[in-house]
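[1] What follows is a predicted protein model with its sequence.
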Amino acid sequence: MANVDRAWWKRGLLHRLITGASGLITIGTANEQFYREIGVSDIPEHRGKHFVDGERLAKQFSERNPLRVQIREKWNIPEENLCLLYCGKLTHEKQIFDLFESLKIIQTRNKDLAISLLVVGDGELMTPAKEFVDVNDLPVSFTGFLNQSQIIDAYVACDILVLCSQSETWGLVVNEVMTVGKPAIVSSKVGCADDLVVDEQTGLIFPFGDTEALADAILRMCDTDLRNYLGVNARCWVTEHYSLEQASESLVASLQALQR
């Protein structure tokens, strides 16, 4: 009951703050739905855009991609393996153990499948995560935290990003991997799932918490043709709809709408 009361109190405060503002800029379908749930009815026509520095990423990727084999070697990822990427803090809301459970399911179905998982990040669950991997003999490599100059190597090494989060406002890492032509598998709770990840077109979406469905999605990505198709579409989609230019135009349009 205490949690319910606190949630009601927070929503009530947010409603008062937001409805008292001169204007509102949303960032996507999930964000708009949140505002509706707390009683905001006047949803603006124009949206804000979460974006990353695509030109910088593309340049870094182009420079490092020829070293893909060597980069994989430093993290013990065989050249022929399908490489999944987990990139984020190791916290409960990120649900990394759902990904581990899906790997176990995949190993049960096909023990000979050449697959690896690269875990980038650090956090409170690092020790239990490593213990789980050791006990279950999972093909996982941990890099620890990587800064902006180092993270590009993870994008070079991987084939797919997997984001299992229970709570994710947007997920800028999805923008980044899509910018370099890699598709993403995201849970239905990830904020960008309704807008950036177009199911079956730029990536795959699975129901949050459904480890069997996640395993199915990962196995589908073993199809090189599908993976390449999604990757090309992903790069085109994020470039055309989530660039600095798009974000600037959306912001200007939103501000102009407030003046009417």
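    Cool, the structure landed. Worth saying up front: this structure is predicted, and the values here are computed from it rather than measured. Numbering: from 1, shown residues only.
[2] Pick out the residue closest to the middle of the protein.
    V174 (4.1 Å; CA atoms, centre = their mean).
[3] Spell out which helix or strand contains the nearest residue to Q60 once chain neighbours are set aside, please.
    Nearest non-adjacent residue to Q60, counting by CB to CB, 6 or more residues apart in numbering: I152, 4.3 Å away. (C-beta placed from N, C-alpha, C; glycine too.) I152 is located in helix 151-157, with elements delineated by DSSP states H and E.
[4] Show the contacting residues for H15.
    I38, G39, V40 (CB atoms under 8 Å, 6 or more residues apart in numbering).
[5] Return the closest of those residues with respect to S188.
    The closest of the contacts of H15 to S188 turns out to be I38 (CB to CB; 20.3 Å).
[6] all strands of the protein, in order?
    82-87, 115-120, 140-144, 160-163, 184-187, 203-206 (DSSP state E).
[7] Is it correct that the residue nearest to Q60 is in contact with A58?
    No: look at I152 against A58 with CB atoms under 8 Å: they stay out of range, at 10.2 Å.
[8] Model confidence score at H92, please.
    On pLDDT, H92 comes in at 96.
[9] re earlier: can you tell me the closest non-neighbouring residue to the residue nearest to the centre of the chain?
    Spatial nearest neighbour of V174, chain neighbours left out: A184 (4.9 Å); criterion: CB to CB, 6+ apart.
[10] where in the protein is pLDDT low?
    Low-confidence segments of the chain (pLDDT under 70): 1-8, 20, 22, 260.
[11] how does it look with 80?
    1-24, 41-42, 44-46, 254-255, 257-260 (pLDDT under 80).
[12] which residues in the chain form helices?
    2-19, 29-37, 54-64, 68-74, 96-109, 126-136, 151-157, 172-179, 211-220, 224-241, 244-258 (DSSP state H).
[13] can I get those in JSON lines with distance to G203?
    Compiled in JSON lines, those are given as follows (distance: least, CB to CB, whole Å):
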{"stretch": "helix 2-19", "distance to G203": "30"}
{"stretch": "helix 29-37", "distance to G203": "15"}
{"stretch": "helix 54-64", "distance to G203": "17"}
{"stretch": "helix 68-74", "distance to G203": "21"}
{"stretch": "helix 96-109", "distance to G203": "15"}
{"stretch": "helix 126-136", "distance to G203": "24"}
{"stretch": "helix 151-157", "distance to G203": "15"}
{"stretch": "helix 172-179", "distance to G203": "8"}
{"stretch": "helix 211-220", "distance to G203": "9"}
{"stretch": "helix 224-241", "distance to G203": "6"}
{"stretch": "helix 244-258", "distance to G203": "19"}
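[14] still on that earlier bit, who has more neighbours, I152 and A58?
    Neighbours were counted for I152 and for A58 using other CB atoms under 10 Å; I152 has more, 22 against 15.
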